[in-house]
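[1] Structural data only, the sequence is not supplied:
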């Protein structure tokens, strides 16, 4: 016999931005694309992220300033500082709209050996919201959850399937493990899973989803599996 002991809900929720931006280094006409400036490729709307450009060790950048800009406009300048055996210019950057963006840096010295006095280095980034996960129903060992991931997330951009993983933690014997998982290629929806549990005990169930960078979790709660208990190991004893 399986009995529901409690229904709890913990979801990582976010207010989805209605604005979607679309720009890239290539569309903006930049030819030096990828690798620099260094920083996160997948970032959250409205959060501050650091991007930096490292200069060559044999060139003096003392007193020189790098100019940072993004697909949302000018982001300011940053003087080069010496650290980690490199001349490094850093800048905290924030994007306010979801979508495909870029970060560009103009460096005041020639790094590649070309004759142009100022070089542009551009990197593409994706700005997104966090995934969401919530419990819609729990009946016996069957649980249903609703989820949503951003179309600008890593898994969505790369076309990889999502996995929602269910885990259990036993109250009596203390065993933990996987209660199963669901794989899907849809960015949002409601899915149902019949949980796999080791035997009689009270189990706390949790669910986790990741979009390749960020995670969300939900807790359906406690369920009771009746019958003869099966400890997770031969020598295990009830607490």
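    Looks like it came in fine. Remember, predicted model here, so these are calculated numbers, not experimental data.
[2] Between the two ends of stretch 102-120, how far is it?
    Stretch 102-120 stretches 12 Å from its first residue to its last (CA to CA, to the nearest Å).
[3] per-residue confidence averaged over it?
    Averaging pLDDT along stretch 102-120 gives 72.
[4] Also stretch 56-64?
    Stretch 56-64 comes out at a mean pLDDT of 79.
[5] Identify each buried residue in it, please.
    By neighbour count on 16 or more other CB atoms under 10 Å, the buried set for stretch 56-64 is residue 61. Heads up, the C-betas are built off the backbone N, CA and C, glycines and all.
[6] Could you do stretch 93-108 as well?
    In stretch 93-108, counting by 16+ other CB under 10 Å, buried: 93, 95, 97-108.
[7] from those residues, which is closest to residue 206?
    residue 98 (28.2 Å; CB to CB).
[8] unless I'm mixing things up, that closest one is touching residue 150, no?
    Yes. Using CB atoms under 8 Å, residue 98 is in contact with residue 150, at 6.8 Å.
[9] can you list the domains in the protein?
    Following automatic domain parsing, one gets these domains for the chain: 2-15+131-225, 20-128.
[10] now residue 156, what's its secondary structure?
    Following DSSP: H, G, I helix; E, B strand; the rest coil, we place residue 156 in the helix state.
[11] Distance-wise, check it relative to residue 98.
    As judged by CB to CB, to the nearest Å, residue 156 and residue 98 stand 12 Å apart.
[12] do residue 82 as well
    Counting by CB to CB, the gap from residue 82 to residue 98 is 37 Å.
[13] again, but for residue 212
    In terms of CB to CB, residue 212 sits 16 Å off from residue 98.
[14] from the chain's centre, how far out does the strand or helix carrying residue 191 sit?
    In the assignment (DSSP states H and E), residue 191 maps to strand 188-194. Relative to the chain's own centre, strand 188-194 is displaced by 21 Å; criterion: CA atoms, centre = their mean, to the nearest Å.
[15] do stretch 140-157 as well
    For stretch 140-157, the distance to the chain centre is 13 Å (CA atoms, centre = their mean).
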